[in-house]
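Peer 1: Provided below for reference: sequence and predicted model.
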Amino acid sequence: MPTEKVLVVDDDPSIRDTIRMILQRAGYEVLTAANGQEATAIMQQSDHSKTVKTLLCDLDMPAMDGTALIAHFHSQYPLIPITVMSGADAFAFTEAVLKRGVTDWIRKPASREAVLEKVRVAVRLHKLRENDARPPQT
């Protein structure tokens, strides 16, 4: 079975590295970026747009913040589930972000188990979306 690829975007290097290590130990291939600009550049390289199965992103980042990145992913890569990671606890803001195409939400700091469960669910959702997007076989 091929290794599932996850893109983690957070401007805090310690959070990025911790999540990368958690996911790599669980068998995922992990790409990382410090902001939305780096993430969009990564997606334009090679075949990442076809192989990334889920995106985990922070909201508050320099250069290109999470809401702009979410809008970009939602329009360019609609099959890729998006999980927002944030320390914010504002329900109205969370609700607004979820309406923009975000699949799930994880509050920072997140436990190892929470990160792994969110990624497992998102990868499963990506497979379902991929199957639904395929034309029916005749």
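Peer 2: It's in.

Peer 1: Now do the strands in this structure.
Peer 2: Per DSSP state E, the chain has strands spanning 5-9, 29-33, 52-58, 82-86, 104-107. These are given in chain order.

Peer 1: Any idea which of these has the lowest pLDDT on average?
Peer 2: Within those, confidence is poorest for strand 104-107, with a mean of 86 (mean pLDDT).

Peer 1: hmm, back to that, would you format the strands of the chain as TSV with distance to residue 69 included?
Peer 2: (Each C-beta comes from the backbone N, C-alpha and C, glycine too.) Converted to TSV, the strands of the chain look like this (distance: least, CB to CB, whole Å):
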stretch	distance to residue 69
strand 5-9	6
strand 29-33	9
strand 52-58	6
strand 82-86	8
strand 104-107	15
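
Peer 1: And the ones you listed: which comes nearest residue 45?
Peer 2: Ranking those by proximity to residue 45 (CB to CB) places strand 29-33 first, at 9.3 Å.

Peer 1: Packing partners of the closest one?
Peer 2: With contacts defined as 3 or more CB pairs under 8 Å, 6 or more residues apart in numbering; DSSP states H and E, the packing partners of strand 29-33 are strand 5-9, helix 13-25, helix 36-44.

Peer 1: could you check the angle helix 13-25 makes with it?
Peer 2: Using axes from the mean of the first three to the mean of the last three CA atoms, to 10 degrees, the interaxial angle of strand 29-33 with respect to helix 13-25 works out to 170 degrees.

Peer 1: Can I get strand 29-33 in CSV, CA atoms only?
Peer 2: Provided in CSV are the C-alpha atoms of strand 29-33 (Å, rounded to 0.1, in the frame of the first residue of the first chain):
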residue,chain,number,x,y,z
GLU,A,29,4.8,10.9,4.2
VAL,A,30,4.8,14.5,5.4
LEU,A,31,5.4,17.7,3.5
THR,A,32,5.7,20.9,5.6
ALA,A,33,5.4,24.6,4.9
